[in-house]
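**Student:** Quick one: sequence plus predicted model below, questions after.
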Amino acid sequence: METAQSSVVGTKPGAVLGRAPLPRVVPKLSGVQQRIQAARLMQAKPSLGAAYAQALARWEADPVLRLLGLPVITECYRSVGRQDELYAQGRTKPGKIVTYKRGGESKHNWLPCSALDVAFLLPNGETSWSGLLLSKFARLIKAADARVHWGGDWPGFKDWPHFEV
Ligand SMILES: [Zn+2]
């Protein structure tokens with residue numbers, strides 16, 4: 001696991017009494033991490049990739065959101081074999097169920113890819129799948145392109161990190 005490079009920015013301390021000041025460290029990707037992100041984005045269908053890029057740019061330009069965490073694509077294309085492994089989780093293997101799609105049935109299994117999964121790099125270097133952060137990102141990506149659907153909006157099984165066209 002790589003250590004995230006962080007930089008301290010010169011924001012003013014929180015002025016509101018009784019409220020913790022926002023963290024002043026903006027999470028940043030290393031060069032290797034940036035190349036991985038670019039490669040994953042290249043796997044996406046142009047419409048999905050463009051919507052993601054626009055939402056990411058808006059997130060990074062927002063003075064509050066950028067301090068909460070940095071959106072990252074954890075996975076775009078996924079092989080049929082890996083999809084089958086994920087399907088086994090919570091069924092024939094330990095863990096909780098993360099997918100209802102077998103190998104070949106998921107939008108992740110095709111190139112160019114119609115789906116991508118998102119998480120957040122936190123200022124402390126950890127990765128988060130916070131539903132709150134994902135819902136904020138979902139609002140931005142759906143505003144960028146109304147054809148993008150968020151797994152957190154699905155009835156029944158919620159796939160919070162998942163976005164697709
Ligand atoms: Zn997904």
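**Tutor:** Sure, I can see it. Numbers count the residues shown, from 1 in each chain.
**Student:** Contacts for stretch 99-108 next, please.
**Tutor:** 75-84, 86-87, 89, 109, 113-117, 157, 159, 164 (Cβ atoms under 8 Å, 6 or more residues apart in numbering). Every C-beta, even on glycine, is put in place using the N, C-alpha and C of the backbone.
**Student:** Tell me if that stretch is near the ion.
**Tutor:** No: against the ion, stretch 99-108 shows no contacts by Cβ under 5 Å from the ion, the least distance being 5.5 Å.
**Student:** For that stretch, buried residues please.
**Tutor:** Along stretch 99-108, these residues count as buried under the neighbour rule (16 or more other Cβ atoms under 10 Å): 99, 101, 103, 106-108.
**Student:** Quick check: chain neighbours aside, which residue is closest to the closest residue to the ion within the chain?
**Tutor:** In the chain, the residue found nearest to the ion is His162; the distance is 3.4 Å by Cβ to the ion. Taking Cβ to Cβ, 6 or more residues apart in numbering, and ignoring the residues beside it in sequence, His162 has Gly151 as its nearest neighbour in space, at 3.3 Å.
**Student:** And the furthest pair within the buried residues of stretch 99-108?
**Tutor:** The largest distance within the buried residues of stretch 99-108, taken as Cβ to Cβ, falls between Gly103 and Lys107 and amounts to 12.7 Å.
**Student:** The residue nearest the centre of the chain pairs with what?
**Tutor:** Among the residues of the chain, the smallest C-alpha distance to the mean C-alpha position (Cα atoms, centre = their mean) belongs to Val118, namely 1.6 Å. Beta-bridge partners of Val118, counted by DSSP bridges, are Ile73.
**Student:** From Gln43, how far off is it?
**Tutor:** Noted for Val118: a distance of 14 Å to Gln43, by Cβ to Cβ, to the nearest Å.
**Student:** hey, what's in contact with both of those two?
**Tutor:** Common neighbours of Val118 and Gln43 (criterion: Cβ under 8 Å, 6+ apart): none identified.
**Student:** wait, doesn't Arg147 sit right on Glu164?
**Tutor:** No: with contact defined as Cβ atoms under 8 Å, Arg147 does not reach Glu164; the gap is 9.4 Å.
**Student:** circling back: pull out the buried members of the contacts of stretch 99-108.
**Tutor:** Among the contacts of stretch 99-108, those buried by neighbour count (16+ other Cβ under 10 Å) are 75-78, 83, 86-87, 109, 113-117, 159, 164.
**Student:** where does Ile36 land on pLDDT?
**Tutor:** The predicted structure scores Ile36 at 98 on the pLDDT scale.
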